[in-house]
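# With the sequence up front, the predicted model follows.
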Amino acid sequence: MEPVLSVEGLAVSYGPVAALQPISFHLAQGGLALVLGPNGAGKSSLVRALAGAVRPRQGAIQLAGQDVTRIPAYKRVKRGIALVPEGRGTLPGLSVLDNLDLGWHSAPPERRRSKAESFAEITGLFPVLGQRLQQDCKTLSGGEMQMLAIARALLSRPRVLLLDEPSLGLAPQAVARVYRALAQLNQANGLSMVLVEQKSVNLGRLPDTSIVLHSGHIVYQESNRRPAEEELSALYLGVAVGAA
């Protein structure tokens, strides 16, 4: 079966600084790629390049067999790649409903459902948002803001959802609520995901691909396996797994 997302030799630089060395992986429909690493590892550069927010130095990105490497970010959303950025990216001064409306309007007409059906699906997944529709999004808690950011991305009807540290700055209970929703989207709804975090997470299944980045380099890449905590600690310290 053709991958929904194919990444081949993707590298990112900011001027003379190499932020991400060449990386390759493939993601099937309903697949999960888990990308781990400490601050400065190149994780955000990866998902920003996949979303079209930065131009890669080299490499290629294919979505459902079509090359999107040079397509700008707003067109990638229409093709089916949505990014939930680090820091959530909600728009203060706009209500929760306004933020959701922006997500709905960004979906391509051929994949867009009715607004009533779309919003009912979102508030079923995140009931608290249905209770906050008229609130300015800046009045939400951190967990609610993260739910809103995910909901807005989902309303664009993505084929691949990119999530940049969705647990960052959240209380444990909020993290649990967010990850329950992500598990449902991935396992029950079959939504393909590239999930970036600093620590290993559990969505109730093994990732199809686990990648650990350190200083822009791949230091671990395995299929159907998640690194154990002791492995991850060693990799973050720059110690080869299995070294004495």
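Now that the structure is in, tell me what you want to look at. Not measured: the values here are computed from a predicted model. Numbers count the residues shown, from 1 in each chain.
# pLDDT-wise, which helix or strand of this protein ranks last?
Lowest by mean pLDDT, DSSP states H and E among the helices and strands of the chain is helix 229-236, with a mean of 86.
# what ranges do the strands span in the protein?
Along the chain, the stretches classed as strands by DSSP state E are 5-14, 17-27, 32-36, 58-63, 66-67, 81-84, 160-164, 192-197, 209-214, 217-223.
# circling back to that earlier point, direction-wise, compare the least confident helix or strand of the chain with strand 209-214 and give the angle.
The directions of helix 229-236 and strand 209-214 differ by 40 degrees, with axes from the mean of the first three to the mean of the last three C-alpha atoms, to 10 degrees as the criterion.
# what's the offset of helix 229-236 from the middle of its chain?
Relative to its chain's centre, helix 229-236 lies at 22 Å (C-alpha atoms, centre = their mean, to the nearest Å).
# That one: which residues count as buried?
Buried residues in helix 229-236, counting neighbours by 16 or more other C-beta atoms under 10 Å, are found at 231-232, 234-236. No exception for glycine: its C-beta is placed from N, CA and C like everyone else's.
# Relative to Gly59, which of these is nearest.
Proximity of the buried residues of helix 229-236 to Gly59 (C-beta to C-beta) peaks at Leu235, which lies at 22.9 Å.
# residues contacting Gln221?
By C-beta atoms under 8 Å, 6 or more residues apart in numbering, the residues touching Gln221 are 25, 209-212.
# Could you do Asp208 as well?
Counted by C-beta under 8 Å, 6+ apart, Asp208 has contacts 27-28, 31-33, 223-224.
# Show me which of those has the smallest pLDDT value.
For those, the weakest pLDDT value sits at Asn224, with 91.
# what's around that residue, how many residues?
Using other C-beta atoms under 10 Å, Asn224 has 10 neighbouring residues.
# before we move on, what about Ser223?
Around Ser223 there are 11 residues (other C-beta under 10 Å).
# ok, it - contacts?
208-210.
# want to throw the residues you listed into TSV with pLDDT and distance to Val96?
Listed next are the contacts of Ser223 as TSV, based on pLDDT from 0 to 100; distance: C-beta to C-beta, whole Å:
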residue	pLDDT	distance to Val96
Asp208	95	33
Thr209	95	34
Ser210	95	34
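# out of these, who's nearest Glu8?
Closest approach to Glu8 among the contacts of Ser223 (C-beta to C-beta): Thr209, at 13.8 Å.
# Quick one: residues contacting Gln62.
By C-beta under 8 Å, 6+ apart, the contact list for Gln62 reads 3, 5-6, 8, 68.
# about what we covered before: can you tell me which of the buried residues of helix 229-236 lies closest to Phe119?
Distances from Phe119 to the buried residues of helix 229-236, taken by C-beta to C-beta, are shortest for Leu232, at 38.7 Å.
# Count residues in the vicinity of the residue nearest to the closest one when sequence neighbours are not counted, would you?
The shortest distance from Leu232 to any non-neighbouring residue, by C-beta to C-beta, 6 or more residues apart in numbering, is to Ser200 (5.8 Å). Counted with other C-beta under 10 Å, residues neighbouring Ser200 total 16.
# was I right about Ser200 contacting Arg226?
Yes - taking C-beta atoms under 8 Å as the definition, Ser200 is a contact partner of Arg226 at 5.8 Å.
# overlap in contacts of these two?
Overlap of the contact sets of Ser200 and Arg226 (by C-beta under 8 Å, 6+ apart) consists of Leu34.
# Touching stretch 170-179 from outside, list them.
Here stretch 170-179 makes contact (C-beta under 8 Å, 6+ apart) with 141-143, 146-147, 150, 166-167, 201-203.
# Redo the residues you listed as JSON lines? Include distance to Ala49.
Formatted as JSON lines, these follow (distance: C-beta to C-beta, whole Å):
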{"residue": "Ser141", "distance to Ala49": "31"}
{"residue": "Gly142", "distance to Ala49": "27"}
{"residue": "Gly143", "distance to Ala49": "28"}
{"residue": "Gln146", "distance to Ala49": "22"}
{"residue": "Met147", "distance to Ala49": "26"}
{"residue": "Ile150", "distance to Ala49": "21"}
{"residue": "Pro166", "distance to Ala49": "19"}
{"residue": "Ser167", "distance to Ala49": "22"}
{"residue": "Val201", "distance to Ala49": "22"}
{"residue": "Asn202", "distance to Ala49": "27"}
{"residue": "Leu203", "distance to Ala49": "23"}
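# That'll do, ta.
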